[in-house]
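**Student:** Predicted model follows, preceded by the sequence.
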Amino acid sequence: MTTYVIDGMTCANCVRHVTEAIAAVDGVTAVEVDLDSAVARVEGTAQDALVVAAVDAAGYRATV
């Protein structure tokens, strides 16, 4: 499991957008996004760069 810090989330709709963006990345088998702690926990074999790029494309910022 990899944990990413997500910047820019302010509401449940943001969580949905980030979750959908990460879930669409090849190799992701599970994703849990928490608004209060501003993190995403991702399971699978996806490359970090692809997860970060997907979050960025959704309008947020992710760091490992």
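**Tutor:** Perfect, I can see it now. Numbers count the residues shown, from 1 in each chain.
**Student:** For Val42, list each beta-bridge partner.
**Tutor:** Val42 has these beta-bridge partners by DSSP bridges: Thr2, Val31.
**Student:** who touches it in this structure?
**Tutor:** Met1, Thr2, Thr3, Tyr4, Ile22, Val28, Ala30, Val31, Val51 (C-beta atoms under 8 Å, 6 or more residues apart in numbering). C-beta here means a position set from N, CA and C on the backbone, and glycine is covered the same way.
**Student:** Next: Ala21.
**Tutor:** Shown in contact with Ala21 (C-beta under 8 Å, 6+ apart): Ala54, Val55, Ala57, Ala58.
**Student:** that older thread, so which of the contacts of Val42 comes closest to Gly44?
**Tutor:** Val28 (4.5 Å; C-beta to C-beta).
**Student:** where does that closest one fall, phi/psi-wise?
**Tutor:** Dihedral pair for Val28: phi -80, psi 130, per degrees, to the nearest 10.
**Student:** Retrieve the pLDDT associated with it.
**Tutor:** pLDDT recorded at Val28 is 98.
**Student:** What of Asp56?
**Tutor:** 97.
**Student:** try Ala40
**Tutor:** pLDDT at Ala40 comes out at 98.
**Student:** did I read that right, Thr10 in a strand?
**Tutor:** No. Under DSSP: H, G, I helix; E, B strand; the rest coil, Thr10 sits outside any strand and is assigned coil.
**Student:** Can you give me the pLDDT of it?
**Tutor:** Here, the pLDDT recorded for Thr10 equals 96.
**Student:** Going by secondary structure, Val15 is in what exactly?
**Tutor:** In this assignment (DSSP states H and E), Val15 forms part of helix 12-23.
**Student:** typed the wrong thing, it's Gly59
**Tutor:** Counting by DSSP H and E, Gly59 is found in no helix or strand.
**Student:** just to revisit the earlier point, and the contacts of Val42, which is closest to Val39?
**Tutor:** Distance to Val39 across the contacts of Val42 (C-beta to C-beta) is lowest for Thr3, with 5.4 Å.
**Student:** List the contacts of the closest one.
**Tutor:** Val39, Ala40, Arg41, Val42, Val64.
**Student:** List just the nearest of those to His17.
**Tutor:** Nearest to His17 out of these is Ala40 (C-beta to C-beta; 11.5 Å).
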